[in-house]
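In: let's see this in three dimensions:
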Amino acid sequence: MVTINTTYLGDLRTESEHGPSGTTLRTDAPVDNHGRGEFFSPTDLVATSLGSCMLTIMGIVAERHQWDLRGASAEVEKVMTSTPPRRIQRLEVTLRIPGEGLDGKARTMLTRAAESCPVHATLGTGVEMPVRFIWT
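Out: Numbering: from 1, shown residues only. Take a look at the predicted model:
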C-alpha cells in the first residue's frame, strides 16, 4: 500500500508527497480552467501516468527477455470534453520503441504489455485510448 498526502496551497494549487520516498510534486489548474498552468494539472498527471505505466510494463516484459528498450518514449495527447461535465475524453498515445532485434512475437508481447498496464485497465472504456506503436 502506498499513501500520497496532498495539501491545498491556495490559488488552485496543490502539493502532494509520495509517502515511501518523500518526493513532492505540485499541480496547478490549467489556464482554461481558472489556473495559471504553471505545473501539471491533475488531469495532466492522468495522461502522464498512462504513458509512464505503459512504458514500465513494457520494460518489465523486455527485461524478462533481455530486450533493450532504452530510449523508448510515450507521447500522450490529452483531449478534454467540450461540454460538461469536464473530464478527459480521449488520451491519444504514441509509443516509439527501438525495434532493433525485436521480431513479430516480441512486438506482439510488448504491445499486449502496454495495453494491459494498470492505468489503462483502470481508465477502462470511460476514456478513449487509441494507441499507436512506431517501431524505430
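
In: for residue 114, helix, strand, or coil?
Out: helix (DSSP: H, G, I helix; E, B strand; the rest coil).

In: go on, the one 5 residues further on?
Out: Residue 119 falls in the helix class when you classify it by three-state DSSP.

In: excluding covalently adjacent residues, which one is nearest to it?
Out: residue 53 (4.0 Å; Cβ to Cβ, 6 or more residues apart in numbering). For the C-beta atoms, the positions are set from N, CA and C on the backbone; glycine is no exception.

In: who does the helix or strand harbouring that neighbour touch, helix- and strand-wise?
Out: Taking DSSP states H and E as the criterion, residue 53 maps to helix 42-65. Counting contacts by 3 or more Cβ pairs under 8 Å, 6 or more residues apart in numbering; DSSP states H and E, helix 42-65 is packed against strand 24-28, strand 73-80, strand 88-97, helix 104-115, helix 118-123.

In: give me the buried positions along the first one.
Out: It refers to strand 24-28. Residues of strand 24-28 classed as buried: 27-28 (neighbour count, 16 or more other Cβ atoms under 10 Å).

In: so where's the chain uncertain?
Out: Along the chain, segments meeting pLDDT under 70 are nowhere present.

In: mind giving me the domain split of it?
Out: 4-33, 42-135 (automatic domain parsing).
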